[in-house]
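Colleague: Give the three-dimensional model of this entry:
(chains A, B, C and D)
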Number of protein chains: 4
Amino acid sequence: MTKIKIGQVGLGRLGKVHAENIVNHVKGAELFAVASVVEQELAYAKDELGVKNCYTSYSEMIENDELDAVVIVSPSGFHAVQISQALDKGLHVFSEKPIGLELDNIKQVVEKINSHSDKVFQLGFMRRFDDSYQFAKDVVQNGELGKITAMRCYGIDPSAGLDSFIQFAKNSASGGIFLDMSIHDIDLVRWFTGSEFKTVYSLGNNIAAPELTECEELETGACLAELDDGTIAYLLAGRNAQHGYHVETEIIGTEGMIRIGNAPEKNLVTLYDKNGVVRPTSGHFPERFKLAFINEINAFIESINNNVPSSITGIDGLKSTEVAIAMQESYEKKTIIKL
Amino acid sequence: MTKIKIGQVGLGRLGKVHAENIVNHVKGAELFAVASVVEQELAYAKDELGVKNCYTSYSEMIENDELDAVVIVSPSGFHAVQISQALDKGLHVFSEKPIGLELDNIKQVVEKINSHSDKVFQLGFMRRFDDSYQFAKDVVQNGELGKITAMRCYGIDPSAGLDSFIQFAKNSASGGIFLDMSIHDIDLVRWFTGSEFKTVYSLGNNIAAPELTECEELETGACLAELDDGTIAYLLAGRNAQHGYHVETEIIGTEGMIRIGNAPEKNLVTLYDKNGVVRPTSGHFPERFKLAFINEINAFIESINNNVPSSITGIDGLKSTEVAIAMQESYEKKTIIKL
Amino acid sequence: MTKIKIGQVGLGRLGKVHAENIVNHVKGAELFAVASVVEQELAYAKDELGVKNCYTSYSEMIENDELDAVVIVSPSGFHAVQISQALDKGLHVFSEKPIGLELDNIKQVVEKINSHSDKVFQLGFMRRFDDSYQFAKDVVQNGELGKITAMRCYGIDPSAGLDSFIQFAKNSASGGIFLDMSIHDIDLVRWFTGSEFKTVYSLGNNIAAPELTECEELETGACLAELDDGTIAYLLAGRNAQHGYHVETEIIGTEGMIRIGNAPEKNLVTLYDKNGVVRPTSGHFPERFKLAFINEINAFIESINNNVPSSITGIDGLKSTEVAIAMQESYEKKTIIKL
Amino acid sequence: MTKIKIGQVGLGRLGKVHAENIVNHVKGAELFAVASVVEQELAYAKDELGVKNCYTSYSEMIENDELDAVVIVSPSGFHAVQISQALDKGLHVFSEKPIGLELDNIKQVVEKINSHSDKVFQLGFMRRFDDSYQFAKDVVQNGELGKITAMRCYGIDPSAGLDSFIQFAKNSASGGIFLDMSIHDIDLVRWFTGSEFKTVYSLGNNIAAPELTECEELETGACLAELDDGTIAYLLAGRNAQHGYHVETEIIGTEGMIRIGNAPEKNLVTLYDKNGVVRPTSGHFPERFKLAFINEINAFIESINNNVPSSITGIDGLKSTEVAIAMQESYEKKTIIKL
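Modeller: Residues are numbered from 1 along each chain as shown, chains lettered A, B, ... in the order given. Next up is the predicted model:
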């Protein structure tokens, strides 16, 4: 049983999550190399994770002929070119979303991905690999909910991160709340319904963070959408959940309804105290999706070993991005956008 | 302590709820008279509730000079004229919604209500009198949630009633799902935010009940709205909740979030059985809002005794209806409607 | 439909609950007379409730020949004699627990009750009339849980009342925590199982209120009991629930398990705030059992009108007291007590 | 960073859990060798897990000088001798509970463990390493609950396994329900309170499985205990939870109450269907304690690497066993046992 040799680029917050998972929880893989322009990150990889091959250049890293695959966790602006380069080198690619920053660019990358169908490409929509989402998917596929009539997706970041986002927004562009956050929910809607978005209509406000208005960002964004099959979808993204990290998905079907993350319970603990009866909550995405991040890399390795395509393709990335851009446009133009 | 003498018109399902509440749970009032064109209903009032004055005609009933107030629970088409007649007779009026079927008509009635400001007029938005909604209102007014940024209102009738609604819809017009059902939610949004609807955009489908399409009715209707103060509101109405009667309201504020009826728990029971861990649910509106129906009549009587206006005015009825009509229009025209 | 004329003795905290319920929520009864030695209480009855016949003496009140029934909410020490006197006068009797303070005395009263079988006697075990308990009783009787194997009953008073209990305990005897509090749970165990207590073994501590030790009272008392049919029962009583009024009953059966009051949810509200996901709780027994207090008096009136015995007999009071006394004795003697 | 070389004995149900965890999720360790008398188990280790050194004899395995530590997951009867042998060979030892079958034997082993204090010995009380229990431990240690006054521990196996237990019980002795199941709860009580059991009093019944009576086994066992510090503890063990695997621990403190596993929620999913509002549940211990099993081995490795004792010592095993034996004796003799 030889291990898949992975070269990872990017060792920021999420990068460290992936790197540690590959080292500790992905039996079929080896973190063979890393690339980063941040010296401390390379030191961390070498000292803490025992990575032997550390590069300051991605291009250099993928020249290493022993590599089987890359895991791309670099800033979004680099994804497109790094995906392309890796595919050209004959490597399997796991990339965080988005595939690219602009639609044309993404389309080119997706074409390249499609033309390298012998290589596994997987996009980092980790929620699909979360136990609760997997359970819900089974419920839907078993027909227990009947036909889907409506969905609701909430993605609300914890208030704890709001100030730092405001600082970030003053200097950088996130691409807008729909591209930055709703894209995960868009993917979930497509995944659960198997249908595509037909129209979107968005609203937004900054009541909780007026400073964001001058940065042309939103604290809260909401969208009412219709899918090709008639399903109604409501998506809400926010940056100010006082109770923690609130990712919730609801599927209403003709035979029943399901909610994933009705409350983002941290564990099985219930407190009975002066506040009432309290369920502690997950504080951030690495906590909430801890196992999902592990599962998605294991699935990637399994696809490589079994020589089958990943369940999350370049098309998924392209379609979700198209919808997110339409949602942003709808907000800006105050109009319904057809896809 | 003399009791307020009430004459009630209409003794259908909801009528009986009111009549029995007045007899059993409203100490300051007496069910002095009833009017109905249904003989059995009058017999019921006489025999079961001990009502002494039974009329087959509303006009006749309100000629009885001993009456202080009327409670109108007749079919919607009669509300406007019965409200007007009662006010002209110098009676206090409690009326079920809607005030009337057409906007012009409603406006006239509201004018009449306003010109009889010495008489109490109260509209039957009973949810405002529910313990859970009262508690939430306090939470909002105490500022515990900060400023409101978004709301979500679900009103989903139990599947148990879907077939009979389909039969009804084949012969009658409900006015559309937004007027028929969302109007309660519209009122709640206005009540909690103290702001008015600015724009609405609606979708709908009949995936769960294709038969409704030919009746020009909807099984599910959804609306994304913006209020004058920037609050985002999402309203969903349905007729097919397998688990019972699902009325849920969510308020997201800058300092926290509240949900009323996250699950429509029937009582304090939890079952641990082959299905998992189960909370039994409320099956229909008389069960869910049992106490609210009592509280609203008590509040009506209190307003009369204290000679103060009701908290739910004719304007509330007019505004909610205007919004509901706009929601229906948005659905039909597939466009955003400004109010 | 003539109303049952009730004379009530005692208008303290619980007395007011009953009196207001009789006036406002018990259609078949009239609060015809009250007796109290407290002037303010009589003034309250006269002015607020419109009671016409106010007595400073119970004996005098029951001389009033118009009376049909008494409701006894006086201090426990008076129950035995007041029950007896009323029965001798040919009155129906609703009495708060306990029937008396000493077993011999209780037995005499129960004999008297039994010898007046034409009169309705009902003891104030109001929990049996709570919606949740009624629902659970149906579940058990329908066989949904199979045979009962174990029960658990918690009765924990809110911390808010602990200080005043300590003050009370310095001057008075409550009879011990088992007689004072567990007696309701003993009744529930007997009611749900239909079986009698065979053995009891109790423990107690005052970790939360060391001052109680010198008063020979307990803050927490616990008992493991076996019933005649083999069911295991665990009862815990306490005086220090920080989250409110915690009354919880669990029934484990061969086919499933049920909990009533797993959390003492105040209403259908859920808060999502800095504390996590929070369910507000009931603060005290009048809140938690508001409807049960109404239901029990209605049931009493119904028994009178239908000329059938109450479902809660003198025997229920006697048996529960015997068990509670045994529980106290077990604690004091540190031994297993057989009944 | 050299990996700790582990030799594991036993590859049954739980053995496989440990072996796969060591291979996949314990970065600091290597599953260097396995021993089993079952040929298929060795084949599984070799083929599925890539273990190079496979032995049919434990004694032979521990002769391998490259080994650093053993993980003992053999039948309970072998634990004592295998622990001793390993310690004599200078190996670190992780062993599943119990340390041995008889008290004298356990005491000898504990003496041996204590005399090898340079070697890490850890007992498999995995619950201590579960996220929810860790969270609760922090809550207790931070003083958020004040002083502990009472605990309640439920360990109820799923009904799905009852028949196979009955078959097992016909041929083998489990040691009784308290040794077999309550021992985990005894450990939790000792861990949370830091206090020892003073008295125990047990009951039991076979209402759910009468066949067990002739096997001298119990389906349900319950115990009321007092600790040295006055804490009251109630422990219930059962073999017939229809809803899954119910492990629940409650700690009542002077400042609040906590429950771990109030409901054994499987994930973050809530279903709203014909049954009501349903939380799916964990079906068995490998599911419920999946991460705890991983965490405990990681902690073991960390103790070895840091050259510090494990937090779960031989004394913990001895004390828990003593209490479990006393609980069984109490049940058999129908008397209170002092420890």
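Colleague: ok, the closest residue to chain B within the stretch 101-250 of chain A - contacts?
Modeller: Relative to chain B, the nearest point of the stretch 101-250 of chain A is A:L224 (3.7 Å; Cβ to the nearest Cβ). (Glycine included, C-beta is placed from N, CA and C.) Contacts of A:L224 were listed using Cβ atoms under 8 Å, 6 or more residues apart in numbering or on different chains, and they are A:200-202, A:232-234, B:201, B:203, B:222-224, B:234.
Colleague: and if you look at A:N267?
Modeller: A:280, D:131-132, D:135, D:260.
Colleague: Go again with 6 Å.
Modeller: With contact taken as Cβ atoms under 6 Å, 6 or more residues apart in numbering or on different chains, A:N267 is in contact with D:131-132, D:135.
Colleague: Skipping adjacent residues, who's closest to it in space?
Modeller: D:S132 (4.0 Å; Cβ to Cβ, 6 or more residues apart in numbering or on different chains).
Colleague: What is the burial count for that neighbour?
Modeller: Here the count is done by other Cβ atoms under 10 Å in any protein chain shown, and D:S132 has 24 residues near it.
Colleague: Show the backbone phi and psi for it.
Modeller: Torsion angles at D:S132 (phi, psi; degrees, to the nearest 10) stand at phi -70, psi -40.
Colleague: shouldn't it be in contact with A:T270?
Modeller: No: counting by Cβ atoms under 6 Å, D:S132 does not reach A:T270; the two are 9.8 Å apart.
Colleague: how close does A:L318 get to chain C?
Modeller: Going from A:L318 to chain C by Cβ to the nearest Cβ, to the nearest Å gives 35 Å.
Colleague: helix or strand right after the helix or strand where that residue lies?
Modeller: A:L318 belongs to helix A:314-333 when elements are defined using DSSP states H and E. Downstream of helix A:314-333, the next assigned helix or strand under DSSP H and E is strand A:337-338.
Colleague: any idea of the mean pLDDT for that following strand?
Modeller: Mean pLDDT, strand A:337-338: 98.
Colleague: Quick check: the residue of the stretch 101-250 of chain A closest to chain B is in a strand.
Modeller: Yes: A:L224 forms part of a strand when assessed by DSSP: H, G, I helix; E, B strand; the rest coil.
Colleague: what's the nearest residue to it if we skip its chain neighbours?
Modeller: In space, A:L224 is closest to B:L224, 3.7 Å off (Cβ to Cβ, 6+ apart).
Colleague: how about the residues of the stretch 51-200 of chain A near chain D?
Modeller: For the stretch 51-200 of chain A, the residues in contact with chain D (Cβ under 6 Å from any Cβ of the partner chain) are A:131-132, A:135-136.
Colleague: Just to be sure, which of these are found in helices?
Modeller: Among these, DSSP state H puts A:131-132, A:135-136 in helices.
Colleague: that older thread, quickly name whichever of the contacts of A:N267 is closest to C:S182.
Modeller: Nearest to C:S182 among the contacts of A:N267, counting by Cβ to Cβ, is D:S132 at 30.6 Å.
Colleague: In contact with that closest one, which residues?
Modeller: D:S132 neighbours (Cβ under 6 Å, 6+ apart): A:267-269, D:260.
Colleague: Strands of the stretch 1-150 of chain A, start to end?
Modeller: Counting by DSSP state E, counting those that start in this stretch, the segments of the stretch 1-150 of chain A that form strands are A:4-9, A:29-35, A:53-55, A:69-72, A:92-95, A:121-123, A:148-158.
Colleague: what mean pLDDT does the fourth one have?
Modeller: Put plainly, it is strand A:69-72. 98.
Colleague: Residues contacting it, please?
Modeller: A:4, A:6-9, A:18, A:79, A:82, A:86, A:91-95.
Colleague: can you name the two of those that are farthest apart?
Modeller: A:I4 and A:H79 (20.7 Å).
Colleague: So for those two, which sits in the more crowded spot?
Modeller: When neighbours are counted by other Cβ under 10 Å, A:H79 comes out ahead of the other of A:I4 and A:H79, with 27 against 21.
Colleague: what's the spacing between the more buried one and B:S182?
Modeller: Shown here: A:H79 relative to B:S182, a distance of 43 Å by Cβ to Cβ, to the nearest Å.
Colleague: same check, this time on A:I113
Modeller: A:I113 sits 45 Å away from B:S182, going by Cβ to Cβ.
Colleague: More neighbours: the two, which one.
Modeller: B:S182 (27 against 24).
Colleague: hang on, the more buried one in a helix?
Modeller: Yes: using three-state DSSP, the assignment for B:S182 is a helix.
Colleague: quick one: the nearest residue to A:Y44 once chain neighbours are set aside from A:V51, how far?
Modeller: Leaving aside its chain neighbours, A:Y44 sits nearest to A:L11 (6.5 Å; criterion: Cβ to Cβ, 6+ apart). Noted for A:L11: a distance of 10 Å to A:V51, by Cβ to Cβ.
Colleague: Tell me the one of the contacts of A:N267 nearest C:D228?
Modeller: Proximity of the contacts of A:N267 to C:D228 (Cβ to Cβ) peaks at D:S132, which lies at 38.1 Å.
Colleague: Dump the strands of the stretch 1-150 of chain A into CSV; add distance to D:S303 as well.
Modeller: Converted to CSV, those look like this (distance: least, Cβ to Cβ, whole Å):
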stretch, distance to D:S303
strand A:4-9, 30
strand A:29-35, 26
strand A:53-55, 31
strand A:69-72, 32
strand A:92-95, 35
strand A:121-123, 37
strand A:148-158, 34
